[in-house]
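K.L.:
One predicted model, sequence on top.
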Amino acid sequence: MSDIKSGELVTQLASPHEVVVVSSVYSTTFPDSLFAYLTQPDLLTQWWPKTAKIDPRVGGAYHLAWPEQNWHLRGNYLKFEPGRQIAFTWKWDHDPEDVTMVIAEFQPLENDGTRLTITHGPYAETPEGQERRQGHIEGWQHFLTRLHETLAGPTP
């Protein structure tokens with residue numbers, strides 16, 4: 001992997017305390033291709049979970065897992081518009097009280113790239129809710145940087 005820092009590629013946008021909004025430009029990837037990296041298990045597991053099971057449709061379920069840590073993330077798709085937008089619920093098995101929603105929007109750019117904007121929330125105004133929010137900011141920054149590295153391919 002490269003020495004790229006997540007803050008160089010993924011920007012946290014101004015947002016209220018109850019949501020997280022991060023954005024990143026993938027300058028060489030069309031929206032449909034980028035969408036596939038978030039919705040096709042063989043592509044998704046190259047940069048995010050170790051395993052993924054996905055039913056790619058509105059109402060369909062997903063299950064992302066990191067077996068070594070016994071982490072399981074599950075939810076259902078609320079919107080599924082290839083190359084445009086996906087929205088899904090987000091719930092960790094180990095924290096069933098914390099259910100949030102993620103919206104991923106794919107904006108085509110003039111140079112054939114894509115701006116991916118992730119909105120994640122809601123978070124409570126409590127210290128615990130804001131700690132979860134901060135953890136999700138750091139997680140999105142880390143993994144969206146890994147997505148950049150994956151799309152760039154192996155370094156010589």
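P.N.:
Alright, I've got the coordinates. Quantities reported herein were computed from a predicted structural model and do not represent experimental measurements.
K.L.:
Would you mind measuring from Gln85 to Ile118?
P.N.:
For Gln85, the distance to Ile118 equals 11 Å [C-beta to C-beta, to the nearest Å]. Where C-beta positions appear, they are placed from N, C-alpha and C, glycine not excepted.
K.L.:
okay, and the common contacts of these two?
P.N.:
Ile103, Ala104 (C-beta atoms under 8 Å, 6 or more residues apart in numbering).
K.L.:
Between these two, which has more neighbouring residues?
P.N.:
Neighbours per residue, other C-beta atoms under 10 Å: of Gln85 and Ile118, the larger number sits with Ile118, 20 against 17.
K.L.:
Could you list everything the more buried one pairs with in the sheet?
P.N.:
For Ile118, the beta-bridge partners are Val22, Ala104 (DSSP bridges).
K.L.:
Strands of this protein, start to end?
P.N.:
Assigned by DSSP state E, the strands in the chain fall at 10-12, 20-26, 51-54, 61-66, 71-81, 85-92, 99-108, 114-121.
K.L.:
Let's have those strands in TSV, adding distance to Leu147 and mean pLDDT.
P.N.:
Formatted as TSV, the strands of the chain follow (distance: least, C-beta to C-beta, whole Å; pLDDT from 0 to 100):
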stretch	distance to Leu147	mean pLDDT
strand 10-12	9	91
strand 20-26	8	95
strand 51-54	14	97
strand 61-66	14	97
strand 71-81	16	97
strand 85-92	14	96
strand 99-108	11	97
strand 114-121	8	97
